[in-house]
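Enquirer: With the input below, show me the fold.
(3 chains)
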Amino acid sequence: MTALTLRRPSDPGTVTVSGSRRRLIGLVIALIVLLALLVASVLIGSTAISPAVVWKALFHPTDDIDQFAIRDFRLPRTVVGLVVGTALGVAGALIQALTRNPLADPGILGVNAGASFAVTVAVGLLGIRNIQGYLWFAFGGALIVTLMVLALGSTRRGQSPVMMVLAGVCVGAVLGGAGSALELTNPDAFDAMRSWNAGSIVDRPLDLVWPILPFFGVGLLLAFAVSGPLNAMALGDELAVAQGVQLVRTRVLAIIALTLLAGGATAIAGPIGFVGLMVPHVARWIVGPNQRWIFAYSVLLAPSLLLASDILGRVVMRPGEIPVGIVTAFVGAPVLIALVRHKKASGL
Amino acid sequence: MTTTPLRRRGAALTAAILSVSLVLTACGGGEDTAGAKPGDTAAETRTVTAGNGPIKVPAAPKRVVTIGNTDLPFIDMGGAPVGVSGAAPSEISLLPADQQETYKKATSVGGEVDLEKVAALKPDLILVQIPDAEFKKMEKQLTSIAPTVFWGLDTEWKALAEQLADAGNVKDSLTRQKAEYESKVATMKQTYAELIKTTKFVNLDRYSNSDPGTYVIGDIGCVEIAQDDIGFNFPKAPAGKDPLAYTSLPFEQLTKLSQYGVITYPADAEGKPTEVFAPVVDTNTWKALPLVTSGHALGVFCPGNNSYGAVLRYLDSLDKALATLPAKK
Amino acid sequence: MSTRVDFGRRVLVLRRRRFAARFDWRSVVICSVLALAVAGMAVLALMTGSFQLSPGEVVSALTGRTSGLVRDIVVEWRLPRVAAALVFGAALGVSGAVFQSTLRNPLADPGIIGFSQGSYTGALIVILVVNGTYWQLVGGALIGGVATAVAVYLLAYRRGVQGFRLIIVGIGISAMLGSLNTWLILKADLDQAMAAATWGAGSLNGVSWPQVAVGGAFIAVLLVLAAMSSRPMRQLELGDDAAAAQGVWVSAVRLGLIVLGVALTATVTAASGPIAFISLVAPQIGRRLTRSAGITLAPAALVGALLCLAADYIAQHVAPTPLPVGIITVILGGGYLGWLLITEARRRL
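Expert: Model prediction:
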């Protein structure tokens, strides 16, 4: 709902050579951080397993029980964190560019509402009780609801971002209400949903995740394909049209990309908040309004935030764990608040 | 809309008839007053003590409404409530067929209790076990409908069964169930004396609100009975958190289970792992555990842990599972 | 029953007397019709229940000619619930009207400054950790909400509060509290978690007279304040410069109005959990019915009361199982608001 409160005309700024180099160096640093976190995610866990065993588990596998722990638990959650984080980051960048609102969240067009509602129905009415079962319900729900929002938000003259956001809020409210009605009258559904709602990247077997990857691939390609037109549209629809941008096609492609990415991520991990909102926002502070740079930074920073949160969730309550969806806000929000206090905040 | 009250009244009538006949059979035609006019029984009261102090209840209540966790234990002791609230479908599905019937015959008064619906059932006794704060919210209303007996969530199950049977006038079947339970416990103590002395047990579980990729070691649920009443050596809850405590652990920790001699885990009536626990059994780590490969991991059925009937079915399942343990070399 | 309807009328009369000049014929007619509809809905709600009572029985219970259970059901159960729906609904309608007119944004909401998440955290702690009473719950929700709003304001304060920074800090803090709330619900005992979630959905179940009286007293004071500030509100709607030209101290009035709007919502939230969407929808419907240019308080209050009564009726008697009223307001309000804004925007585009 806060989405509508801010819209500012943008100033893309002048891109200088030194600015480009600075951004490139930043990108390399972000890449190194991500790689370090990937390694840490395999090394750190609830049980102490020596790096030598980890090495063996990955490159000289045997049937040792500790090796299973690496291959079955730490490796998959690391891969899932990387994939889901990337998807959420790019989806967030897309929605913020599309709505010209630096505070938009990828869930704003009904992705989360659709996924949650579909899973609630699966749990409450069809009695499905496992991640495998939820996955396609969530993905399907996210896709269908975003299409609904797209249809509702379209006018004769194409899609207005404001209308889409409104439609998203309203569809989200209706589905949310219907979902709570189901949950509050069925303790089983309530019990399962409170766990799914937390958002987690654990215990998602990789063979479940692979089928989603092609969708992510398409989503990422589309996202980078529309980054140029989105840059032009940041200056205003009229100027973009003057530059030869096809507004309707760009918006529809962007929404498809967004839905595939955010819908897929939510289907795999449940609703993980804040990553998609914060990372592109911070990326914009670092690199300015150029959409390609924002995408590139989001691709690296979002999985970093997710993996860092996941690792933190493993160590703070040892030997227990906290689901990553709970931790992301506690890792991300203080950073965001500190940044907004110390940096002159830039609108879009 | 118009048919609902009629149907409801029909169901209530059936339940009423059923409960009267049940009381008749339970009391075996002794000096009881079930055959007399309702007006007479209402006059005869007893006083029972529970979480909300001493309460005057009818000597032989006929229209009982159970709210919260009292419904299944009351039905388990042969009670037939006219109104019930809130049990999850997954819990109901674990009941024996006749108890499921009884449950379905009762009118549902909703998860968020519909007080007027309770009043419309014209109960002569209301049995409640819900969170304290929830009860305080509707205590006055409930007592204005009928004598209301309340237990907090922390009431121990045997005490609850005792007081519930007393209030609901189903003591006979409680006595029977108790005798059966005690003899079962005694037999198992004898049969497994060796195991009790020498073997370290551990009970694994998963709840439907457990975080993905985690399981639980704890002494909540049926294992409490195996631990406390039969004396199997399960890990004690961390000091201070007793009696309800569990530790939630990520799957990685499965590798540390080799320190135990026998694992018990939740299974359905057929012995297959429950749907909630299945993710644990599906891991390669589990499949590679020496305890699992050597047949020392036992699936045990736990249909409920707060009434004697349910606990007896658990003990039967545990007994059967223990019998499959490979003989010691 | 008579006391409650009088209350509604009195507010209307008070307003009419003070600002009689501003009420054109259409507004007066619409408000009268709305008031009648509210009264009718209230009577219907009093007559309906799982416990079947004839109109005669209800009337004799209300007039004190019956005692026992029937009297309790009508006077102690149904009546306070109807009164609560009416008073809280009106408060939410006025709160929304004040907010939307002050911020000139149809989706303005106290949630921006983290109030809702904070009050839910407070309530969850009372329900799940303290296992507290109703009044502790009220206190917890209020303290949680206010503390959060103050924290957001202070964290956003850096040589003044800038709107953009306030919103970002609000989002950050809300996200953290939202996660904390999910975690508290996740780790709680199922029964208590469901009770907490019911509160979180906004429920009037089991409302009693003392609760209505305390909430109503607060709301009455706030409504009078709102009625008194309706003139500067209209001036603000014309724009800051125009208002300043008419001698309005814009920033102080705006802050005062925002506090007033938040206080109204906060009172309702503390008393019964967040009953969503009434504050968003009621002023919009009121404006359309009276065809007035700006937001006016009386129609918003009446529509709010009517919506809340009707939603609670649906939640209790039409839904297959009784639901918290907030679920119905979310579904109806969300659907209606969406339809309204979209058709309107379509026409404009």
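Enquirer: Any residues of chain C in contact with chain B? List them.
Expert: Residues of chain C lying near chain B by CB under 8 Å from any CB of the partner chain: C:49-52, C:69, C:72-73, C:76-77, C:127, C:131-134, C:137, C:186-187, C:189-195, C:198, C:203, C:205-206, C:208, C:316, C:321-324. C-beta: built from backbone N, CA, C; applies to glycine.
Enquirer: Now list the buried members of those.
Expert: When the residues of chain C next to chain B are checked for burial by 16 or more other CB atoms under 10 Å in any protein chain shown, the buried set is C:49-51, C:69, C:72-73, C:76-77, C:127, C:132, C:134, C:137, C:186, C:190-195, C:198, C:203, C:205-206, C:208, C:316, C:322-324.
Enquirer: out of those, which touch chain A?
Expert: Okay, of those touching chain A (CB under 8 Å from any CB), that's C:186, C:190, C:193, C:194, C:198, C:323, C:324.
Enquirer: Wait, the first one touches residue A:195, no?
Expert: Yes: contact status for residue C:186 versus residue A:195: in contact at 6.4 Å, counting by CB atoms under 8 Å.
Enquirer: Overlap in contacts, the two.
Expert: B:209, B:211 (CB atoms under 8 Å, 6 or more residues apart in numbering or on different chains).
Enquirer: Go through the buried ones among the residues of chain C next to chain B and flag which are in helices.
Expert: Counting by DSSP state H, those place C:69, C:134, C:137, C:186, C:190, C:191, C:192, C:193, C:194, C:195, C:198 in helices.
Enquirer: Let's test this: what are the backbone torsions at residue 101?
Expert: Because you didn't say which chain, this covers chain A. Main-chain torsions, residue A:101, degrees, to the nearest 10: phi -130, psi 110.
Enquirer: Which helix or which strand is home to residue B:144?
Expert: According to DSSP states H and E, residue B:144 maps onto helix B:132-145.
Enquirer: What mean pLDDT does that helix get?
Expert: Averaged across helix B:132-145, the pLDDT comes to 87.
Enquirer: which residues are contacting it?
Expert: B:52, B:67, B:113, B:115, B:118-119, B:123, B:126, B:128, B:148, B:150, B:152-153, C:69, C:72, C:76-77, C:127, C:131-134, C:137, C:191, C:195, C:206, C:208.
Enquirer: Among the residues you listed, which lie within strands?
Expert: B:67, B:126, B:128, B:148, B:150 (DSSP state E).
Enquirer: Among those, which one has the most neighbours?
Expert: Most neighbours among the ones in strands among the contacts of helix B:132-145, by other CB atoms under 10 Å in any protein chain shown: residue B:126, with 29 neighbours.
Enquirer: Grab the nearest non-local neighbour of it.
Expert: Spatial nearest neighbour of residue B:126, chain neighbours left out: residue B:148 (4.3 Å); criterion: CB to CB, 6 or more residues apart in numbering or on different chains.
Enquirer: Quick one: residues contacting that neighbour.
Expert: Counted by CB under 8 Å, 6+ apart, residue B:148 has contacts B:52, B:55, B:125, B:126, B:127, B:128, B:139, B:142.
Enquirer: Tell me the confidence at the third one?
Expert: With respect to pLDDT, residue B:125 scores 94.
Enquirer: thought it was touching residue B:67?
Expert: No: with contact defined as CB under 8 Å, residue B:125 does not count as touching residue B:67 (11.3 Å).
Enquirer: related to what we said a few turns ago, buried residues, the helix holding residue B:144. List them.
Expert: B:132, B:133, B:134, B:135, B:137, B:138, B:141, B:142, B:144, B:145.
Enquirer: Does residue A:254 belong to a helix, a strand or coil?
Expert: helix (DSSP: H, G, I helix; E, B strand; the rest coil).
Enquirer: That one against residue A:97, yeah?
Expert: Yes: with contact defined as CB under 8 Å, residue A:254 counts as touching residue A:97 (7.4 Å).
Enquirer: anything in contact with each of these two?
Expert: residue A:230.
Enquirer: Flag the shaky bits of the chain, pLDDT-wise.
Expert: Chain wasn't specified; assuming chain A. A:1-18, A:155-159, A:343-348 (pLDDT under 70).
Enquirer: not what I meant, chain B
Expert: Residues of chain B that meet the cut-off, pLDDT under 70, sit at B:1-43, B:236-245, B:328-329.
Enquirer: mind redoing it with 80?
Expert: Low-confidence segments of chain B (pLDDT under 80): B:1-43, B:86-87, B:110-112, B:218-220, B:236-246, B:327-329.
Enquirer: what's the answer for chain C, then?
Expert: C:1-25, C:102-114, C:131, C:158-164, C:230-244, C:246-251, C:291-295, C:337-338, C:340-349.
Enquirer: Recalculate using a threshold of 50.
Expert: C:1-22 (pLDDT under 50).
Enquirer: name the element the closest residue in space to residue C:194 that isn't next to it in sequence belongs to?
Expert: Distance criterion CB to CB, 6+ apart; nearest residue to residue C:194, sequence neighbours excluded, is residue A:190 at 5.7 Å. Assigned by DSSP H and E, residue A:190 falls within helix A:187-196.
Enquirer: Now do that helix: everything it contacts.
Expert: For helix A:187-196, using CB under 8 Å, 6+ apart, the contacting residues are A:116, A:119-120, A:123-124, A:129, A:134, A:179, A:182-184, A:270, B:86-90, B:111, B:207-212, C:182, C:185-186, C:190, C:193-194, C:197.
Enquirer: Can you say which of the residues you listed are buried?
Expert: Buried among the contacts of helix A:187-196 by 16+ other CB under 10 Å: A:116, A:119-120, A:123-124, A:129, A:134, A:179, A:182-184, A:270, B:86-88, B:90, B:111, B:207-212, C:182, C:185-186, C:190, C:193-194, C:197.
Enquirer: Restricted to strands, list those residues.
Expert: Checking those against strands, none of them qualifies (DSSP E).
Enquirer: Please name the residues that touch residue 305.
Expert: Picked chain A for this. Contacts of residue A:305 (CB under 8 Å, 6+ apart): A:85, A:275, A:278, A:279, A:328, A:331, A:332.
Enquirer: oops, chain C please
Expert: C:8, C:38, C:85, C:86, C:87, C:89, C:90, C:93.
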